[in-house]
Every structure is written in structure tokens, then in C-alpha cells.
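1. A structural model of the following input is requested.
(chains A and B)
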Amino acid sequence: MTRRAWFPALLAVCLAVALTFLTLPVVAIFIDSSPGELIASLGEPGALDALWLSLKATGASIALILVIGTPAAYLLATRSFRGKAIVVTLVELPLVLPPAVAGIALLASVGPSGILGGAVEAAGLQLSFATAGVVVALTFVASPFYVRQAMAAFVAVDRALLDASRTLGASEARGFVHVMIPVALPGLAAGSALALGRALGEFGATLMFAGSFQGVTQTVPLAIYDRFSTDFDSALALSAVLVAVSAAILLSVKLVQGGEALGLAPR
Amino acid sequence: MLRVEARHQLGDLLLDVELAVDRGECLALAGPSGAGKTSILRVAAGLLRPERGRVAANGDAWLDTERGLDVPAEQRRCGYVFQHYALFPHLSAWQNVAYPLRGLSRTERRARATELLERFGLAGRADARPHTLSGGERQRVAVARALARAPEVLLLDEPLSALDARTRAAAARELAGVLRESEAPTLLVTHDFTEAAQLGDRVGIIDRGCVVQLGTPSELAATPRSAFVADFTGAVVLTGVASRGRGGLTRVELDGGGTITSTDAGEGAVAVSVYPWEIAIEPAGEEPHGSAENRLSAEVVSITTVGNRVRLALTRPQPLVAEVTLISVERLGLHAGDQVVAAWKASATRLVVM
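-> Okay, here's the model as predicted:
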């Protein structure tokens, strides 16, 4: 090796180590379970319940995040006001909260004996040990991923476009729907994929806040945990499904962003 | 009639302007970047609310800070052409033009938009997205979009500066035609005096937030009120018809009489530009001497001192401006009404084909 080549070689070695470390466990999931076993374990009712519940709860949570988070992110991206930095930090806080802390925080606020527990009950909402509680937990931990990314996407849109929309007779609301959202769409899609990935994998907060009841609050990660000491094969099969779904999400984000560069972004 | 009065602190810059633009008139504001030109347009459009100000268009008050009146931007009928055009990247050319057309069916909107695009020679590009259009095409789509809502007022921010030199001449010609046809009072801002002179009926020179001088382009060049205006106005522009001359030069018959030559190539209608400081003044009746190819006899109309130099406004059929030193004026004993010869080199004569 010449003296010059040592640094590129070091870079390549580091990448190889990182790649092996990061992919080996994931690959092992598929090597360790034969496809036949995998499908057989999925046929078991508990597994299907968990999958279905995960899809429902994640879907509901993403819908909530998009409906509330998009306008909120737009506001943060387009206005400046006193204390904005504090507001942004508060919105981002759940990103760095340990899931167990998130669970405790939810119990202390909207749990049965939390500060708003009475109000939640009075409103006829059953959160603890109910699917609605899972949605609350997922939304709490996943929404900052979306809001952050959406904010960045809106900030990146040329303000002249919004001005142009207004001088062309469109109210700000119309400009938001017809200009800002379509132009920021690749960024919004990336943000929702990140939130989706986070929600799908949520474990700690859900377990603490909503519990782990099959068909009601037991999402796929909880079902995996429930089974790994008793039925490792089934845990492996569910893990494989989560890996596949997560990889699909990641891939779709890359496609949306790559498509943008190629001018193939959705309208 | 558009009236704009605004007083507004913008960082270090105090914007303080009062402008009136007549129906069918184009007032071009020219000034260096950072002079507050765009802010004036934003005040007119309702995108910037000044600390104090009034805006009125065709008798309707749009802004009166004293009375607490501020009509929102979307309700002011302004056709605004943004500096980089601000075309919606996710919409095709026709959809951009159709954006302001509301309460119509898709077919009607498309028909109206296509009609406008046709006027700008863009019918074939109706379905193209902005990023596939050329600079000149983008500019035309932006102008078409600004006209789509039959605006009461037209506002243009550096409409030509994003274009390359080759496209610019054609775009300027076309835009001048659009502005001639349009009845709406038009406010245009540019950093280029020649562009302002070409497109504006009147030109206002703007410096550090204030209009320092307002007049026709030839008035500004001939009698600049300050050294800044004198520098900024730059070249004198004459019009004429070019044809091939002798010695590889281009011969230009000036509109209204007189012939000059230029080293630039050109054919047909041209704009001739020459810097006032390239023009030498000789007493009338002397034999030609020296290398200056272009010699026009003219009458001195006015003598304006700007610092250590003097601007001489000359009449030819077209106004001409020469800039000489105070010493020369004294030596030649020049007075308004004197006959002189304005002389300059063919190589100092720029041609722009119109």
C-alpha cells in the first residue's frame, strides 16, 4: 500500500464495519426463520391481531399527526413571534424523551389518575387499556418527527410563491392548500414516513400507558416482546414482517425524494 | 391612476416615497440594489405594510395607515411580476396562468389561459412545467399570469434581469409592446437605467429609499440633479435604422436626421447608446480633425454642473448629452443656445438591435 492510500482504505474499513454491524442482525432474522415457518406463525390469531392493531393504530395516529401537524408546522415556518424558539423546542421535546418517560408523562397527564384524567373520562374517552390509548401514545412519540420535517419543508419553499398566490387573488388558506402543500410535498412525505416508522416501532410508551392486551392494545412490537421467551419462532416471524414494512417505508421515502430530483414528484 | 406614499424603516434604510402613475403610463424606478425598489412594489401590492402610508388605485383607497385601512393583498387587483417570476413549480404553464381565474369550469379556465399564452407565443408550451421552460418563456408566462385577472395596476420587479443578454433585447421589445397596450398604471423597478429608459414613460432614480429625481429619460441624462444621478443614468440612447456601411462599419440613419457609424454589427431598427463622457464638444464651423468618426451639429440647451464636471444637453432631433469638464466649458465659452459639434468615436457607439 502506498503512503497515500491509507486514508481512503481506513474510510472503507470503517464503512465495512458499520455496514456489517447494522445489517447482520436484520439479515439474521430472515436466515433464522424459514419462509414456511414464517408464514405458519403469522397464521396464528394473536399475530394477525397484533398486525391488524398496529396498522389501525398507526394509521389513525398518522392521520391525526397530518391533520394537526401540517398547519402547525406551516405556522412555525412562516411566522416569527416572541418565544418561537421555545415553542419549537417544546414541540421537539418528545424526540429525546426516553419512551418510559413518555409513558409516565402520558399517565400523569391523561391517565385515569392524571391531571386531565377526569376531563378525559367526562368526555367519554377510554384511553388506558384501550386502542385509543395506543393511538395517543403513538401520536405523542411520532408527531415531532413529522412536525420538524414539515417545518423544514415549508421553510424551504420560496416565500415569493406565497406572495404570488396572494397577488393573484388567493387567500392565505388557498395558497396553503394549492401552493405550499404541493410544493413542500416531498418533504412532508419524508416527514410522515419518519413518523410512520417511529409509530410502527413504538414500544415503551404504549406498554406503560395502554398496556399489552391481545387485540386491544398489543401492537406488533408488544407481541414480539410477549412471545420472545415462550415462542421465539413466532417473535422472529413478526419481526421479519416489521423489517419488511419498515424497509418498504424507507424505500418509498427515497423514491419520493429521488423522484423529485427527476421531476417525477407527485403533483 | 396609482398613488403610492410610504414611510417605512427597513433596517438601516428609511423608505420615504411619494409617487403617482397615470392611467396607461409606465413609471420605471431605477436604482442600485438595496435602494428599496422592491419594497415600494410590495407596499403597493399589500405585501408590506409601511409604518405610514397611503395607496390608492383608480380612486379606490387600498391603504391608509391614518384611517387604519389596509385592503389585503388578495383583494387588491395587482398584476405582480416577481423578480424571479415565482412561477408555481408544480403547475404547468397554463395552470399557472389560470391560477387567478376562479369560479370558472376547468375547460373555461384552460381556454382563457391558452388565449393569453397564445398572445405571448406560448400556445405550444401550455402543458410544460416551469423548470422545462427557457428563461424568456418563464418571463412571458409570468407576465401572462399577471395579466390574467385584468389587473387595475401592474407591478414589475426587474422583469428582464433574470434573462441572458440575447433574450433580453427581444423580451424588452415584447414587454414594451405589452405595456403600451395596457391601460393599467404600471410601476416597474430595475437596477438598469437603460432598461428603465426603454420601458418607462418616466423614470425615477431611487437612492437609499428616496426618489432623488423624476423625469423623462433624456431629462435625467441631460440635467442630473446630483452626481449619483449623472453616474447612474449612464449612456444616452438614440434610435435609428442600421445598414452595412463602408470599412466593415455599421451605418445608422438616426430617426429625425443625422448619420453615425458604429463598430458594432446590426441591421434594421436599432438603439444606439453612447456614454456622455465619450462625447467631445467642438466649436461649430471648424474643420473636422482627430479620429472621431461621428460628428453631429447641435445646439446647447442647458449646462448643468455636477461636481467637477458639466453636463451639456444638446438638441438634435433627438436629445443628446455630453459630459465635459468645467475647464473646457470655460475655455470654449459655452452658453445655452450656442451651436456646437458633438463628436465621438465609432468604437464608443454601441448598437442594440430592436
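
2. going forward, measure contacts and count neighbours with C-alpha atoms only.
-> OK.

3. Can you tell me the closest non-neighbouring residue to B:Leu48?
-> B:Arg42 (5.2 Å; CA to CA, 6 or more residues apart in numbering or on different chains).

4. surely that neighbour meets B:Pro50?
-> No: counting by CA atoms under 8 Å, B:Pro50 is not a contact partner of B:Arg42; they are 9.5 Å apart.

5. The two: who's more crowded?
-> Higher neighbour count among B:Arg42 and B:Pro50: B:Pro50, with 24 against 20, using other CA atoms under 10 Å in any protein chain shown.

6. Spatially nearest residue to that one (excluding sequence neighbours)?
-> For B:Pro50, ignoring the flanking residues on the chain, the nearest one in space by CA to CA, 6+ apart is B:His8 at 5.0 Å.

7. got it, and B:Val211?
-> Distance criterion CA to CA, 6+ apart; nearest residue to B:Val211, sequence neighbours excluded, is B:Ile205 at 5.6 Å.

8. Is the one you found in a helix, a strand, or coil?
-> Secondary structure, DSSP: H, G, I helix; E, B strand; the rest coil: B:Ile205 is strand.

9. Return the distance of the residue of the stretch 151-267 of chain A found nearest chain B relative to A:Thr58.
-> Residue of the stretch 151-267 of chain A nearest chain B, by CA to the nearest CA: A:Gly169 (4.0 Å). Taking CA to CA, to the nearest Å as the measure, A:Gly169 falls 39 Å from A:Thr58.

10. circling back to that earlier point, determine how far the helix or strand hosting the residue nearest to B:Leu48 lies from the middle of the whole chain.
-> Here B:Arg42, judged by DSSP states H and E, is contained in helix B:37-45. Here the centre of helix B:37-45 is set off from its chain's centre by 17 Å, with CA atoms, centre = their mean, to the nearest Å.

11. now for it, which elements pack on it?
-> Where contact means 3 or more CA pairs under 8 Å, 6 or more residues apart in numbering or on different chains; DSSP states H and E, helix B:37-45 is packed against strand B:2-10, strand B:153-157, strand B:186-190.

12. hang on, the earlier thing: now do the same contact list for the nearest residue to the residue of the stretch 151-267 of chain A closest to chain B once chain neighbours are set aside.
-> The shortest distance from A:Gly169 to any residue other than its chain neighbours is 4.0 Å, reached at B:Glu74 (CA to CA, 6+ apart). Contact analysis of B:Glu74 by CA atoms under 8 Å, 6 or more residues apart in numbering or on different chains lists A:Arg166, A:Thr167, A:Leu168, A:Gly169, A:Ala170, A:Ser171.

13. Would you mind giving the secondary structure of the nearest residue to the last one once chain neighbours are set aside?
-> If you skip the residues right next to it in sequence, A:Ser171 has B:Glu74 as its closest partner in space, 6.0 Å away by CA to CA, 6+ apart. Reduced to three states with three-state DSSP, the structure at B:Glu74 is helix.

14. How confident was the prediction at the residue nearest to A:Leu168 when sequence neighbours are not counted?
-> With sequence-adjacent residues excluded and distances taken as CA to CA, 6+ apart, A:Leu168 is closest to B:Pro100, at 5.0 Å. We have a pLDDT of 94 for B:Pro100.

15. B:Pro159: what secondary structure?
-> Per three-state DSSP, B:Pro159 ends up coil.

16. isn't B:Gly245 right next to B:Arg251, touching?
-> Yes: look at B:Gly245 against B:Arg251 with CA under 8 Å: they come within range, at 4.8 Å.
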